[in-house]
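>>> Any chance you could fold what I've pasted below:
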Amino acid sequence: MSDDMTIEMRIREVRAAIAAARARRVHVPVEAPVELIAVTKNHPVEAMREAIDAGIMSIGENRVQEALDKAENLEREVKWHLIGHLQTNKVKHAVRQFDLIHSVDSLRLAREINKAAEKFGKVQNILVQVNLAREDTKSGVYREDLDELLMAVDALPCVRLQGFMCIAPNYEDVEECRPLFRAMYELFQQAKQREPRTADIRYLSMGMTHDYGIAVEEGANLVRVGTAIFGARQYNALGV
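Next up is the predicted model:
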């Protein structure tokens, strides 16, 4: 990716790579669509506007407060995705701002989201984050605890389960992500087949700048891409 490329050019490049990855699918329907989420953590509002004007419809943020600050200045309609870890003391703000929360990793958090959504008169769409690799440094429910959590979430009236998120380890050889992504797709398909009563399971959020091609090949239909669109993060240039 050249430094002189515009954000619009980078988005076209990422979309072309997604299309190529879809064409390489073996275990997943080739025609199944993929939604690109532009991850804007530590990138200025001006860059976000440029991306949205170039066709981005979904923005991913890691931190609730940063999203709230940017939303006040963005002057664009967009779908907001929370992709970072959500602390319980930020839940009410997250429910107010975000269309889809990717990072639900416990029943306690799901209950807090349900409580806040009820106060707002909203049904909050969520994904459950699964830690298939059992990494201590990442959030997410372990596979053996997943079914119990899904059953409990199904009983919450103001929460709607829409699928799963996972984050692969940062392997030096990105091909090592493939078995994990494939296993996650199998879990996603199994959940759809026995879809809980209140669920609407449709999203599998996998893949970031370094591994989204493999994630798409293995069944991701939401990919979270930041650096490939915006370049390196600008830690002192939020533009808000």
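
>>> Mind jotting down where the helices sit in the protein?
Secondary structure of the chain (DSSP state H): helices at 7-23, 45-53, 64-74, 91-97, 107-120, 143-154, 178-193, 212-217, 227-230.

>>> Tell me the gap between the second one and the middle of its chain.
Relative to the chain's own centre, helix 45-53 is displaced by 19 Å; criterion: CA atoms, centre = their mean, to the nearest Å.

>>> Show the secondary-structure elements that that helix is packed against.
Judged by 3 or more CB pairs under 8 Å, 6 or more residues apart in numbering; DSSP states H and E, the packing partners of helix 45-53 are helix 7-23, strand 58-61, helix 64-74, helix 227-230. In short, each C-beta sits where N, CA and C put it, glycine included.

>>> cutoff 10 Å now
Helix 45-53 sits against helix 7-23, strand 35-39, strand 58-61, helix 64-74, helix 227-230, with contacts defined as 3 or more CB pairs under 10 Å, 6 or more residues apart in numbering; DSSP states H and E.

>>> What of the fifth one?
Based on contacts counted as 3+ CB pairs under 10 Å, 6+ apart, the elements that helix 107-120 packs against are helix 91-97, strand 100-104, strand 124-129, helix 143-154, strand 159-165.

>>> who touches that helix?
85-96, 101, 103-104, 106, 122-126, 128-129, 139, 141, 145, 148-149, 151-153, 155-161 (CB atoms under 10 Å, 6 or more residues apart in numbering).

>>> Could you do the last one as well?
When contacts are taken as CB under 10 Å, 6+ apart, the neighbours of helix 227-230 outside the stretch itself are 1, 5, 7-11, 13-14, 17, 36-44, 47-48, 50-51, 54, 56, 208-210, 212, 233.

>>> switch to 6 Å and redo it
Residues from elsewhere that reach helix 227-230 (CB atoms under 6 Å, 6 or more residues apart in numbering): 10-11, 14, 38, 43, 47, 209.

>>> now swap in stretch 35-42 and tell me
For stretch 35-42, the surrounding residues in contact (CB under 6 Å, 6+ apart) are 48, 51, 56, 58-60, 62, 81, 222, 224, 226, 229, 233-235.

>>> Could you rerun that using 8 Å?
Identification of contacts with stretch 35-42 by CB atoms under 8 Å, 6 or more residues apart in numbering yields 11, 14-15, 18, 47-48, 51, 56-63, 66, 70, 81, 83-84, 205, 208, 221-226, 229-230, 233-235, 237-238.

>>> likewise stretch 10-24?
The contact list for stretch 10-24, computed with CB under 8 Å, 6+ apart, reads 1, 5, 30-32, 34, 36, 38, 51, 54-56, 212-214, 216-217, 223, 225, 228-231.

>>> Got a quick ChimeraX command for the buried subset of those?
One line in ChimeraX is enough to select the buried members of these, burial here meaning 16 or more other CB atoms under 10 Å:
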select :34,36,38,51,54,56,212,213,214,216,217,223,225,228,229,230
